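**Student:** sequence first, predicted coordinates after that:
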Amino acid sequence: MAKSLPLYEKTNIKRPTQKVLDVAIFILLVSLDAYRVLLMYNHGFSYLQTIAFLCEFWFSFVWFLAIILKWNPVHFETYPRRLLKREMELPAVDIFVTTADPVLEPPIITVNTVLSLMALDYPANKLGCYVSDDGCSDLTLYALNEALKFGKIWVPFCKKYEIQVRAPFRYFSNDPMPPHLPSSTQFQNDWVTVKEEYEKLEGKIKEAEESRSFVLEEEDGIDLTAFSNLHTKNHPTIVKILWENKKVSDELPHLIYVSRERSFKHHHHYKAGAMNVLTRVSGVLTNAPYILNVDCDMFANDPQVVLHAMCVFLNSKYDLEDIGYVQTPQCFYDGLEDDPFGNQLVVIFEYYARGVMGLQGPVYSGTGCFHRRKVLYGQLPHHSTHFMDGKAYSEQELMEVFGYSKTFAKSAIYAFEETTHGYHPNSRFNDNLEAANQVAGCDYEINTTWGSKIGWIYGSTTEDVLTGLVIQSRGWRSIYIALNPPAFLGCAPSQLVASLTQQKRWVSGLLEILFSKHFPIFGTLFGKLQWKQCAVYIWLLTWGLRSIPELSYALLPPYCLISNSSFFPNMEERAIYIPIFLFIIYNFQQLLLYKETRQSIRAWWNNQRMGRVNTMCAWLFGVGSVVLKFLGVREVVFEVTKKETYCEADLEHFMFDESAMFVPATTLLLLQLIALLMSFIRQAGRMRNTVLEVICSVWLVLCFWPFLKGIFLLGKGRYGLPFNTIYKSAALALLFVLLCQRTTVN
Ligand SMILES: O=c1ccn([C@@H]2O[C@H](COP(=O)(O)OP(=O)(O)O[C@H]3O[C@H](CO)[C@@H](O)[C@H](O)[C@H]3O)[C@@H](O)[C@H]2O)c(=O)[nH]1
Ligand SMILES: [Mn+2]
């Protein structure tokens with residue numbers, strides 16, 4: 001009987017080769033540590049050996065954490081057809097889309113994401129789509145409203161012909177009609193009409209963007225006066241119901257625009273603040289028991305994705321007791337060939353996310369994630385109705401936790417009970433519009449636990465990881481589902497600077513969590529974070545710290561070459577095989593990962609090179625910005641990534657700007673070159689004692705090759721490194737050389 005068939009199956013993935021290599025590398029690392037200790041034991045203390053030891057010890061520690069993380073990879077297969085066969089009412093889902101800047105995030109991108117979500121294969125009366133606009137732009141509102149009109153032909157078209165890709169810009173991107181589509185004349189006519197309509201929509205939005213003037217027709221019933229003369233960082237709440245579904249399952253889902261109140265007096269907590277506002281606004285309007293959230297560029301690429309997620313949640317009552325959220329991987333469209341900036345994250349999601357799935361479950365990564373509302377409201381696992389933090393709360397007490405809106409407190413009670421259709425199925429939005437405006441206000445959170453215990457947690461620019469950590473510390477598990485083709489597709493930064501800025505923000509955000517009261521070990525000691533999961537979080541949160549040992553280690557070869565010393569075993573010692581094997585096996589393993597995920601050798605090289613560039617540029621500065629934050633000098637800010645609908649050719653080149661981020665990498669490169677040159681002149685080919693140091697230096701030069709080009713292209717527009725960066729780096733490099741020589745004299 002269909003009813004008894006499970007909605008998902010969990011299988012363990014076997015990766016014996018990877019495991020063997022992982023362990024081999026770990027043994028080699030430990031041997032290297034032991035070698036250093038023995039050396040110092042026998043020959044006395046040395047600064048050089050101590051630094052080398054500390055760095056290598058750190059690398060071994062990180063590797064150990066990574067082994068825990070990757071050890072039990074798991075795959076989840078979900079069966080939406082079986083779900084549909086179970087004759088049950090599907091639960092409502094509120095969908096949150098966040099956008100923050102109409103220039104960096106062009107409205108046409110947001111609109112496509114919204115259209116893909118409105119066209120999902122799920123009863124439309126069960127979906128509510130909320131768009132948060134932190135840019136408070138009438139252009140975004142206008143674009144959404146136009147998109148809604150187009151949606152009225154797009155959604156039926158997609159459903160009628162079972163179109164797979166439901167973001168129109170992707171669907172129509174191959175100009176001729178896709179070959180695999182039905183060939184009936186009716187379809188072809190429809191296809192042409194819909195395409196024309198989409199082009200009109202695109203045209204209208206483009207024109208509005210360029211001319212900054214547009215009119216909403218009277219029949220739209222939307223008043224734009226709220227936007228006139230407002231400051232985008234200081235304005236009242238604007239909530240617009242663009243579409244209210246009249247409980248018809250094949251109509252369009254609800255569509256609501258929200259621009260929360262902003263004021264100079266209140267911190268707005270970036271995306272986390274926006275998500276909390278959406279949680280409350282949706283709470284008083286639809287109050288669906290499940291929440292899906294995506295960034296504005298992450299369109300739904302599999303129309304059945306909600307059904308897939310529901311397979312996990314609705315499989316059995318037992319699952320509902322402790323599954324908090326379901327995360328899909330972040331995948332990107334139009335990735336540049338061979339991933340020049342190493343930001344496609346394929347290996348991270350395939351090996352690491354699947355690995356964590358075998359533990360307490362994936363880390364929440366901000367987009368493409370389904371949460372249960374009551375989990376965000378602070379409920380503990382294994383407590384059904386009405387409980388938060390294990391206690392029953394009255395409406396009055398709920399108002400103390402959730403803020404002064406009575407309507408919201410009432411809705412929270414429904415949320416804890418997790419009724420399938422959400423809140424007050426018979427009321428209309430208009431009845432609660434006032435409450436919606438109220439809960440989106442700046443001061444609403446004062447004296448509540450929003451951002452500290454409930455909702456999206458404040459205090460980090462990677463609010464996603466922090467929120468997931470808090471949820472998992474309460475004992476919730478999470479599930480990772482990786483569909484093929486990917487459930488959501490978004491836009492990865494297509495240029496070096498944007499990519500580094502993103503890395504820097506991630507790293508600072510992660511460190512903000514590491515040095516907060518949410519330090520994962522507390523979650524294990526005082527909460528319900530499993531210890532292996534704790535190791536995963538430590539591995540992740542310490543990303544930025546890695547830049548310090550990596551930088552120190554990268555300085556050792558040039559130091560030795562300049563000062564005519566060595567820190568690796570020399571040719572006469574058998575211990576020389578340790579670093580040699582380490583280097584070979586490590587790179588072989590990495591190559592294998594790229595081969596297994598069907599990426600090219602070039603992609604491996606680019607990623608490993610970007611690994612070094614990221615640590616030396618972005619991560620180091622990420623550490624710096626957190627230090628400045630803790631010194632009270634400057635807050636860490638959330639710099640939004642620029643999004644594009646398509647990528648120009650020629651982007652695979654490194655393009656530089658005036659940013660100080662490029663100084664450490666350029667310095668490091670110059671140092672390797674000077675050191676190689678000096679040692680070559682001094683030893684004239686007799687480099688028996690420093691073979692490994694030379695190899696390391698050459699390897700680093702290869703990693704920073706694009707910077708070398710940047711030096712030669714000095715002044716040639718964005719391809720060259722700015723003069724400023726070069727002379728600062730040269731000065732630093734010379735200083736280092738002088739220091740090295742002084743220490744050898746002594
Ligand atoms: O004040 C703000 C700043 C950002 N955003 C939104 O946050 C999302 C993510 O911003 P983006 O610039 O795309 O950052 P990414 O680094 O690409 O985002 C990843 O990393 C973030 C921080 O870890 C997560 O929040 C995201 O979900 C995750 O996709 C976008 O939809 C923005 O519109 C806001 O709503 N308000
Ligand atoms: Mn993004």
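**Tutor:** Looks like it arrived, so ask away. Predicted model only: the values in this text are computed from it and were never measured. Ligands and ions are numbered 1, 2, ... in the order given.
**Student:** so is stretch 450-468 next to ligand 2?
**Tutor:** No - Stretch 450-468 is not in contact with ligand 2 by CB under 5 Å from the ion; minimum separation 11.1 Å. All C-beta spots, glycine's among them, are computed from the backbone N, C-alpha and C.
**Student:** and that stretch, end to end?
**Tutor:** By CA to CA, to the nearest Å, the extent of stretch 450-468 from end to end equals 15 Å.
**Student:** would that stretch count as contacting ligand 1?
**Tutor:** Yes - using CB under 6 Å from any ligand atom, we find that stretch 450-468 touches ligand 1 at 462-464.
**Student:** which one of those residues is nearest to residue 611?
**Tutor:** residue 462 (19.1 Å; CB to CB).
**Student:** mind checking the SS state of the closest residue to the closest one other than its chain neighbours?
**Tutor:** Ranked by CB to CB, 6 or more residues apart in numbering and with sequence neighbours excluded, the top spatial neighbour of residue 462 is residue 509, at 3.0 Å. Put simply, residue 509 is helix when judged by DSSP: H, G, I helix; E, B strand; the rest coil.
**Student:** wait, residue 509 sits on residue 465?
**Tutor:** Yes - using CB atoms under 8 Å, residue 509 makes contact with residue 465 at a distance of 7.1 Å.
**Student:** what parts of the stretch 301-450 of the chain come near ligand 1?
**Tutor:** 366-367.
**Student:** closest one of the residues of stretch 450-468 next to ligand 1 to residue 92?
**Tutor:** Using CB to CB, the residues of stretch 450-468 next to ligand 1 come closest to residue 92 at residue 464, 23.2 Å.
**Student:** and that closest one, what does it touch?
**Tutor:** 363-367, 369 (CB atoms under 8 Å, 6 or more residues apart in numbering).
**Student:** which of those residues tops the neighbour count?
**Tutor:** Counting neighbours by other CB atoms under 10 Å, the top entry in these is residue 364, with 25 neighbours.
**Student:** in a strand, that's where that one is, yeah?
**Tutor:** No - read with three-state DSSP, residue 364 is coil and lies in no strand.
**Student:** distance of the nearest residue to it once chain neighbours are set aside relative to residue 217?
**Tutor:** Excluding the flanking residues, the one nearest residue 364 by CB to CB, 6+ apart is residue 468, at 2.9 Å. From residue 468 across to residue 217, the span is 43 Å (CB to CB, to the nearest Å).
**Student:** neighbour count winner among these two?
**Tutor:** Using other CB under 10 Å, the more surrounded residue of residue 468 and residue 217 is residue 468, with 26 against 9.
**Student:** element containing that one?
**Tutor:** helix 463-473 (DSSP states H and E).
**Student:** hang on, residue 505 packs against residue 622?
**Tutor:** Yes - if you go by CB under 8 Å, residue 505 and residue 622 touch, sitting 7.4 Å apart.
**Student:** can you give me the neighbour number for the closest residue to ligand 1 within the stretch 401-550 of the chain?
**Tutor:** As assessed by CB to the nearest ligand atom, ligand 1 sits closest to residue 462 within the stretch 401-550 of the chain, at 3.7 Å. Look at residue 462: counted by other CB under 10 Å, it has 26 neighbours.
**Student:** what do you get for residue 45?
**Tutor:** Neighbours of residue 45 (other CB under 10 Å): 8.
**Student:** which SS state does the residue in the stretch 101-250 of the chain positioned nearest to ligand 2 fall under?
**Tutor:** Ligand 2 sits closest to residue 105 of the stretch 101-250 of the chain, with a gap of 8.8 Å, by CB to the ion. Following three-state DSSP, the label given to residue 105 is coil.
**Student:** state the mean pLDDT of stretch 404-412.
**Tutor:** For stretch 404-412, mean pLDDT is 90.
**Student:** oh, that last question was meant for stretch 228-243, not what I typed.
**Tutor:** Stretch 228-243 carries an average pLDDT of 92.
**Student:** quick one: contacts of that stretch?
**Tutor:** 135-137, 141, 144-145, 148, 222, 226-227, 252-264, 281, 429-430, 433, 436-437, 440-441.
**Student:** residues contacting the residue positioned nearest the centre of the chain?
**Tutor:** Residue closest to the average C-alpha location in the chain (CA atoms, centre = their mean): residue 365, at 4.9 Å. For residue 365, the contact set (CB under 8 Å, 6+ apart) comprises 327, 330, 464-465, 468.
**Student:** quick one on the thing from earlier: next helix or strand past the helix holding residue 468?
**Tutor:** Tracing the chain past helix 463-473, the next element assigned as helix or strand by DSSP H and E is strand 477-480.
**Student:** what pairs with whichever helix or strand comes after that following strand, parallel or antiparallel?
**Tutor:** Per DSSP H and E, strand 477-480 leads on to strand 488-490 as the next helix or strand towards the C-terminus. If you go by DSSP bridges, strand 488-490 pairs up with strand 299-300 (antiparallel), strand 331-332 (parallel).
**Student:** winner for burial among these?
**Tutor:** strand 299-300 (a mean of 27; mean count of other CB atoms under 10 Å).
**Student:** and the strand or helix carrying residue 512, is it in reach of ligand 1?
**Tutor:** Using DSSP H and E, residue 512 sits in helix 496-514. Yes - applying CB under 6 Å from any ligand atom, one finds helix 496-514 touching ligand 1 at 502, 506, 509.
**Student:** isn't residue 356 up against residue 363?
**Tutor:** Yes - using CB under 8 Å, residue 356 and residue 363 qualify as a contacting pair, with a distance of 6.4 Å.
**Student:** name the residues contacting each of those two.
**Tutor:** Common neighbours of residue 356 and residue 363 (CB under 8 Å, 6+ apart) are residue 536.
**Student:** re the thing from before, more neighbours: which of residue 505 and residue 622?
**Tutor:** A count of neighbours by other CB under 10 Å puts residue 622 above the other of residue 505 and residue 622, at 30 against 22.
**Student:** and the residue of the stretch 401-550 of the chain closest to ligand 1, how far is that from residue 641?
**Tutor:** Distance of residue 462 to residue 641, given as CB to CB: 13 Å.
**Student:** could you tell me which residues touch both of the two?
**Tutor:** By CB under 8 Å, 6+ apart, no residue touches both residue 462 and residue 641.
**Student:** and residue 485, how many neighbours?
**Tutor:** For residue 485, using other CB under 10 Å, the count is 10.
**Student:** pLDDT value on it, please?
**Tutor:** So residue 485 comes in at 93 (pLDDT).
**Student:** isn't it up against residue 304?
**Tutor:** No - counting by CB under 8 Å, residue 485 does not reach residue 304; the two are 11.3 Å apart.
**Student:** for residue 350, give me its contacts.
**Tutor:** 482, 593, 596-597.
**Student:** picking that back up, identify the farthest-apart pair in the contacts of residue 365.
**Tutor:** It's 330 and 468 that sit farthest apart of those, by CB to CB, at 13.8 Å.
**Student:** ok, back up a step: can I get the contacts of residue 365 in TSV including pLDDT?
**Tutor:** Putting the contacts of residue 365 into TSV (pLDDT from 0 to 100) gives the following:
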residue	pLDDT
327	97
330	95
464	98
465	98
468	98
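**Student:** roughly how far does the closest residue to ligand 1 within the chain sit from ligand 2?
**Tutor:** Residue nearest to ligand 1 within the chain: residue 366 (2.2 Å; CB to the nearest ligand atom). Applying CB to the ion, to the nearest Å, the value for residue 366 to ligand 2 is 8 Å.
**Student:** was I right about residue 521 contacting residue 534?
**Tutor:** Yes - at 6.1 Å, residue 521 counts as touching residue 534 under the criterion of CB under 8 Å.
**Student:** with neighbour numbers in mind, choose between these two.
**Tutor:** residue 534 (25 against 13).
**Student:** so the more buried one sits right up against residue 519, yeah?
**Tutor:** No - contact criterion CB under 8 Å: residue 534 and residue 519 do not qualify, at 9.6 Å.
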